[in-house]
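Trainee: Give me a 3D structure for the following:
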Amino acid sequence: MTNLLIYGVTATFALLIGYSGYKAIAATDEQQRAAAYKVLKLVLAAVTGAGVLSLAVLHRAGVL
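Mentor: Numbers count the residues shown, from 1 in each chain. Have a look, this model is predicted:
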């Protein structure tokens, strides 16, 4: 059950990153492109921060 939740969240973030990257590249309007890059940076920062924090907690707990 836990693996299903982890895979679901990972897939959701991967889809968000992929779609916002696509919109940033394919946008014809400068305002849409800027908004898509903001979303892309926000999602990448959230995923990276959560990943680093999770690894730190697991390392401190002795799992890694």
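Trainee: Helices of the protein, residue ranges please.
Mentor: 2-26, 30-60 (DSSP state H).
Trainee: Give the buried residues for the longest one.
Mentor: Spelled out, it's helix 30-60. Residues A36, Y37, V39, L40, V43, V47 are the ones in helix 30-60 that count as buried (16 or more other Cβ atoms under 10 Å). All C-beta atoms are positioned from the backbone trio N, CA, C, and that covers glycine.
Trainee: got the contact list for the first one?
Mentor: Just to be clear, that refers to A36. The contact partners of A36, taken as Cβ atoms under 8 Å, 6 or more residues apart in numbering, are S20, G21, K23, A24, A27.
Trainee: and if we set it to 10 Å?
Mentor: Contact analysis of A36 by Cβ atoms under 10 Å, 6 or more residues apart in numbering lists Y19, S20, G21, Y22, K23, A24, I25, A26, A27.
Trainee: Same question for the second one.
Mentor: Shown in contact with Y37 (Cβ under 10 Å, 6+ apart): S20, G21, K23, A24, I25, A27.
Trainee: tell me the pLDDT at the fifth one?
Mentor: Reading off the per-residue confidence, I25 sits at a pLDDT of 89.
Trainee: What's the separation between V63 and A50?
Mentor: The gap separating V63 from A50 is 16 Å, by Cβ to Cβ, to the nearest Å.
Trainee: One more: I6?
Mentor: Using Cβ to Cβ, I6 is found at 12 Å from A50.
Trainee: Give me the distance from stretch 38-51 to the chain's centre.
Mentor: 5 Å (Cα atoms, centre = their mean, to the nearest Å).
Trainee: Name the residues that touch that stretch?
Mentor: 9-10, 13-14, 16-25.
Trainee: Show the average pLDDT along it.
Mentor: Mean pLDDT, stretch 38-51: 86.
Trainee: For that stretch, C-alpha coordinates in PDB please.
Mentor: Output of stretch 38-51 as PDB, limited to C-alpha atoms (Å, rounded to 0.1, in the frame of the first residue of the first chain):
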ATOM      1  CA  LYS A  38       7.700  29.700 -12.900                       C
ATOM      2  CA  VAL A  39       5.700  26.500 -12.400                       C
ATOM      3  CA  LEU A  40       8.500  24.400 -13.600                       C
ATOM      4  CA  LYS A  41      11.000  26.000 -11.200                       C
ATOM      5  CA  LEU A  42       8.500  25.700  -8.400                       C
ATOM      6  CA  VAL A  43       7.800  22.000  -9.000                       C
ATOM      7  CA  LEU A  44      11.500  21.200  -9.500                       C
ATOM      8  CA  ALA A  45      12.400  23.000  -6.200                       C
ATOM      9  CA  ALA A  46       9.700  21.200  -4.300                       C
ATOM     10  CA  VAL A  47      10.700  17.700  -5.600                       C
ATOM     11  CA  THR A  48      14.400  18.400  -5.000                       C
ATOM     12  CA  GLY A  49      13.800  19.700  -1.500                       C
ATOM     13  CA  ALA A  50      11.500  16.900  -0.500                       C
ATOM     14  CA  GLY A  51      13.900  14.300  -1.900                       C
END
